[in-house]
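Trainee: build me a model from this:
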Amino acid sequence: MNYLILALAAWRLTSLFVNEDGPFEVFAKLRKILGVAYTPEGEPYGLNWFAKGLACFRCASVWVSFVIVLTYCFWESIVIVILPFAISAVAIAVEEILWNTR
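Mentor: Numbers count the residues shown, from 1 in each chain. Below you'll find the predicted structure:
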């Protein structure tokens, strides 16, 4: 069960960092500070090696997952801390499934 929670939280956190603006546009501002820019069509691209990884969901998910797993190896209670992100991921998935079947 812990691995499922870790996986769902990794997806949710990656989505926050890569795709969402967040409250008070905190994630959008963070991406800009770290070097993510956008084409006129709205496609993200990185101005440096770190931003290139942050502009790509698949790339960023590897790094987010790495940090989560490394933290879990040393502090198993991280599961409790990231549980809200896992629950949020499930809620979003359920909403998307219900929304797309209407």
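Trainee: per-residue pLDDT, the residue nearest the centre of the chain?
Mentor: Closest residue to the average C-alpha location of the chain: T14 at 1.3 Å, with C-alpha atoms, centre = their mean. Note on T14: pLDDT of 96.
Trainee: ditto for G22
Mentor: 89.
Trainee: with N100 instead?
Mentor: 80.
Trainee: quick one: contacts for G22?
Mentor: 16, 28 (C-beta atoms under 8 Å, 6 or more residues apart in numbering). Heads up, the C-betas are built off the backbone N, CA and C, glycines and all.
Trainee: for it, give me phi and psi.
Mentor: phi 80, psi 170 (degrees, to the nearest 10).
Trainee: any idea how far it is from P40?
Mentor: In this view, G22 and P40 are 23 Å apart by C-beta to C-beta, to the nearest Å.
Trainee: returning to that earlier point: which SSE is immediately downstream of the host helix or strand of the residue nearest to the centre of the chain?
Mentor: Per DSSP states H and E: T14 is located in helix 2-19. Using DSSP H and E, the helix or strand that follows helix 2-19 in sequence is helix 26-34.
Trainee: which parts of stretch 24-42 are buried?
Mentor: Residues of stretch 24-42 classed as buried: 27, 31, 34-36 (neighbour count, 16 or more other C-beta atoms under 10 Å).
Trainee: who's in contact with the helix ranked longest in the chain?
Mentor: Assignment by DSSP state H gives helix 78-100 as the longest helix of the chain. Helix 78-100 is contacted from outside by 2, 4-6, 8-9, 11-13, 15, 68, 71-72, using C-beta under 8 Å, 6+ apart.
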